[in-house]
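> fold the following, please.
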Amino acid sequence: MIRRAEVTDVPVVCEMIRELAEYERVPHEARATEEQLREALFGERPAVFAHVAEAEDGEVVGFAVWFLSFSTWRGVHGIYLEDLYVRPGVRGGGHGKALLRELARTCVERGYERLEWSVLNWNAPTIAFYEALGARPQEEWSVYRLTDGALAEFGAG
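Purely as a prediction, here's the structure:
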């Protein structure tokens, strides 16, 4: 079952964010706290959204965290999927596909024209999963990021 995340899901989503960081080989990057996540998802003016996947017993086993993007070329919003994660013990059970399908459904219902995300180049199983759904890499684009010291230094100049 896929549903919108509730405030009571914050601890398990936070835990899975740390699991995802471990999987992606950057555990030190996962610094978000439950308080920060709670405020981002359920504060006065949330700009980030989440869905969770539940197993048959009601246990939350996966999540998708996303926010709105905007295409100046298309003139409409889209969804940018920040993170998709399904716990290893239940992978292959359709939870990831169901989470993505719910986001695609949201795009269609709201008239959004894009559902986009990034994937690590070395993550072959995930790339194969996405391509089996019909997603295609945007090979002519590279992702750039300013963070930590570089962001502070550039912003101060």
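> mind listing the helices for the protein?
With DSSP state H as the criterion, the chain has helices at 10-23, 34-42, 95-110, 124-132, 148-156.
> can you redo those as JSON lines with mean pLDDT?
Converted to JSON lines, these look like this (pLDDT from 0 to 100):
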{"stretch": "helix 10-23", "mean pLDDT": "97"}
{"stretch": "helix 34-42", "mean pLDDT": "97"}
{"stretch": "helix 95-110", "mean pLDDT": "97"}
{"stretch": "helix 124-132", "mean pLDDT": "93"}
{"stretch": "helix 148-156", "mean pLDDT": "91"}
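> to Glu59, which of those lies closest?
In terms of C-beta to C-beta, the element of the helices of the chain nearest to Glu59 is helix 10-23, at 8.4 Å. Placement of C-beta: from N, CA and C, glycine included.
> partners of the most centrally placed residue in the chain in the sheet?
What sits nearest the mean C-alpha location of the chain, by C-alpha atoms, centre = their mean, is Asp83, with 2.2 Å. Listed by DSSP bridges, the beta-bridge partners for Asp83 are Val65.
> state the distance from it to Gly155.
Computed with C-beta to C-beta, to the nearest Å, the distance linking Asp83 and Gly155 is 25 Å.
> swap in Leu99?
The spacing between Leu99 and Gly155, counted by C-beta to C-beta, is 34 Å.
> more crowded one of those two?
Set Leu99 next to Gly155 and count neighbours by other C-beta atoms under 10 Å: Leu99 wins out with 23 against 8.
> isn't the more buried one up against Val60?
No - in terms of C-beta atoms under 8 Å, Leu99 does not count as a neighbour of Val60; the distance is 11.5 Å.
> quick one: common contacting residues for these two?
The contact sets of Leu99 and Val60 overlap at Ala53 (C-beta atoms under 8 Å, 6 or more residues apart in numbering).
> now do the contacts for Gly78.
Counting by C-beta under 8 Å, 6+ apart, Gly78 touches Leu68, Ser69, Phe70, Ser71, Cys107, Tyr112, Glu113, Arg114, Leu115, Glu116.
> against Phe42, how distant is the fifth one?
When distances are taken as C-beta to C-beta, Cys107 and Phe42 turn out to be 22 Å apart.
> go on, the fourth one?
With distances taken as C-beta to C-beta, Ser71 is found 27 Å from Phe42.
> re earlier: can you redo the contacts of Gly78 as JSON lines with distance to Ala32?
As requested, these are arranged in JSON lines below (distance: C-beta to C-beta, whole Å):
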{"residue": "Leu68", "distance to Ala32": "19"}
{"residue": "Ser69", "distance to Ala32": "20"}
{"residue": "Phe70", "distance to Ala32": "24"}
{"residue": "Ser71", "distance to Ala32": "27"}
{"residue": "Cys107", "distance to Ala32": "25"}
{"residue": "Tyr112", "distance to Ala32": "25"}
{"residue": "Glu113", "distance to Ala32": "29"}
{"residue": "Arg114", "distance to Ala32": "25"}
{"residue": "Leu115", "distance to Ala32": "23"}
{"residue": "Glu116", "distance to Ala32": "21"}
